[in-house]
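Enquirer: sequence? don't have it. structure:
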DNA sequence: GTCTATATACTGATAGAC
DNA sequence: GTCTATCAGTATATAGAC
């Protein structure tokens, strides 16, 4: 029950939020199926009855968590869309946001990025089809429309812009990256943007 | 029991190989925990007794599968290392190999790429620490040493070279990429290589 | 609304015949 | 070596008291 508030879980006085956060930590540490509801309620400091009164079932907890985290990402994307105009600024802000989240809320990032939700939330769409990820790709598509980014297939453009950053996130979550991600941001983003920017293509043979 | 042979499972006359392949398909479709051994043996056309005689337990099946697939990737990397000399050729061959595997053995690729092995194989190292992935990154590191690739942090270099390709693989496995991956290879690799190649950096502002 | 104690269902693993 | 039938452990979900 002793949990500190954070950007994604500001209201830690609510016991259902505590329950969700306990579930998040345990899901990330041991996985959804290896975590029993008894462990979740023990870590959250609530009773089984409380949990089942507030959530339909264990799957319902995962669903609530999934929705909560994606809504949080949606808010962050709103802020980015509002603050920046160009694809270059927006995409780089998205990557900084992902890096920031990875450092400050690794459990949340882990749950979003590599939980195989289809295993326990078969009804849910794949994470990549999610509103948040679609919006991230739209930033890229708009960059192509406006001539900021070289014309190319949308799928390739999305992978070029976000692929290496997402790779860094995964490696960092797996403990294979020694320094905080922002250490690598400049080097990564400069090369990434140069590789898609209109009029800069260094065509080779 | 009616399964066709493939590059990774050439000997489909062996019933243990059939069992592994049935497990692979089901693990990929529904996840490790949502798949019971009864389902596996039913799909493979063998009995429970057979399975437990040949594998220590359910976890043992997953371990055998993991080892089998990684050994297969190791062989493919051997071939690449033997056939090509430069980092450029080797890395591009690796990506073509990943694309090829994704198209021809999507279950195997899915199991390798996004199964959270730590959930059911806690002893196993994370997929990214695996020999195969370490060798992939070594191709990049050697490219830096030889001056083929611009000097930069090894982690960044690895993410730049393989990140967008792995992203395409994930999106393709999730059904979000309409065409076979080789369709996108040229466009992707040309930009990717240009973004790390020594002496080609289009430094911006 | 919240709790404890309980039941039901399932699944991984084994025992023992052949 | 291979099979079938069975066991034992566990975890989700509920029932009913407060």
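Expert: Noted; the coordinates are in hand. Being a predicted model, the structure only gives us computed values, none of them experimental.

Enquirer: Do a quick rundown of the helices in chain A.
Expert: Shown for chain A, the helices assigned by DSSP state H span residues A:15-30, A:37-44, A:48-54, A:58-83, A:87-104, A:106-114, A:117-120, A:131-145, A:154-173, A:182-196.

Enquirer: For the third one, buried residues please.
Expert: The neighbour-count check on helix A:48-54 (16 or more other C-beta atoms under 10 Å in any protein chain shown) flags A:51, A:54 as buried. Every C-beta, even on glycine, is put in place using the N, C-alpha and C of the backbone.

Enquirer: swap in the fifth one?
Expert: Neighbour-count burial for helix A:87-104, with 16+ other C-beta under 10 Å as criterion, is recorded at A:87-88, A:90-102.

Enquirer: Also the first one?
Expert: Within helix A:15-30, the residues that count as buried by 16+ other C-beta under 10 Å are A:16-28.

Enquirer: Point me to the residue of chain A nearest DNA strand C.
Expert: Nearest to DNA strand C, among the residues of chain A, is residue A:49, at 1.9 Å (C-beta to the nearest atom of the strand).

Enquirer: So that residue versus residue B:103, what's the distance?
Expert: Counting by C-beta to C-beta, to the nearest Å, the gap from residue A:49 to residue B:103 is 50 Å.

Enquirer: Repeat that for residue A:50.
Expert: According to C-beta to C-beta, residue A:50 and residue B:103 sit 49 Å apart.

Enquirer: Could you do residue A:163 as well?
Expert: Between residue A:163 and residue B:103 the distance, using C-beta to C-beta, works out to 19 Å.

Enquirer: Near the closest residue to residue A:131 other than its chain neighbours, how many other residues are there?
Expert: Leaving aside its chain neighbours, residue A:131 sits nearest to residue A:74 (6.4 Å; criterion: C-beta to C-beta, 6 or more residues apart in numbering or on different chains). Using other C-beta atoms under 10 Å in any protein chain shown, residue A:74 has 14 other residues around it.

Enquirer: Any stretches of chain A with poor pLDDT?
Expert: In the predicted model, chain A carries pLDDT under 70 at residues A:1-3, A:200-205.

Enquirer: what residues does it put near DNA strand C?
Expert: Chain A has residues A:15, A:46-50, A:53-54 near DNA strand C, with proximity defined as C-beta under 7 Å from any atom of the strand.

Enquirer: could you dump those residues to CSV with distance to residue A:175?
Expert: Shown next, in CSV, are these (distance: C-beta to C-beta, whole Å):
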residue, distance to residue A:175
A:15, 32
A:46, 31
A:47, 35
A:48, 34
A:49, 38
A:50, 34
A:53, 38
A:54, 34
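
Enquirer: ok, which of those residues also contact DNA strand D?
Expert: A:48-49.

Enquirer: can you pull the contacts of residue A:152?
Expert: Residues touching residue A:152, when contacts are defined by C-beta atoms under 8 Å, 6 or more residues apart in numbering or on different chains, comprise A:144, A:160, A:196, B:187, B:191.

Enquirer: cool, and residue A:142?
Expert: With contact taken as C-beta under 8 Å, 6+ apart, residue A:142 is in contact with residue A:87.

Enquirer: ok, it to residue A:81 distance?
Expert: In this structure, residue A:142 lies at 10 Å from residue A:81, with C-beta to C-beta as the measure.

Enquirer: Can you name the residue of chain A nearest DNA strand D?
Expert: residue A:57 (3.1 Å).

Enquirer: Just confirm residue A:170 contacts residue A:113, I think it does.
Expert: Yes: contact between residue A:170 and residue A:113 holds when scored by C-beta atoms under 8 Å: they sit 6.5 Å apart.

Enquirer: How many residues are close by residue A:47?
Expert: Applying other C-beta under 10 Å, we find 11 other residues in the vicinity of residue A:47.

Enquirer: contacting residues for it?
Expert: Applying C-beta under 8 Å, 6+ apart, one finds that residue A:47 lies in contact with residue A:41.

Enquirer: Would you check how far apart it and residue A:15 are?
Expert: Where residue A:15 is concerned, residue A:47 sits at a distance of 10 Å (C-beta to C-beta).
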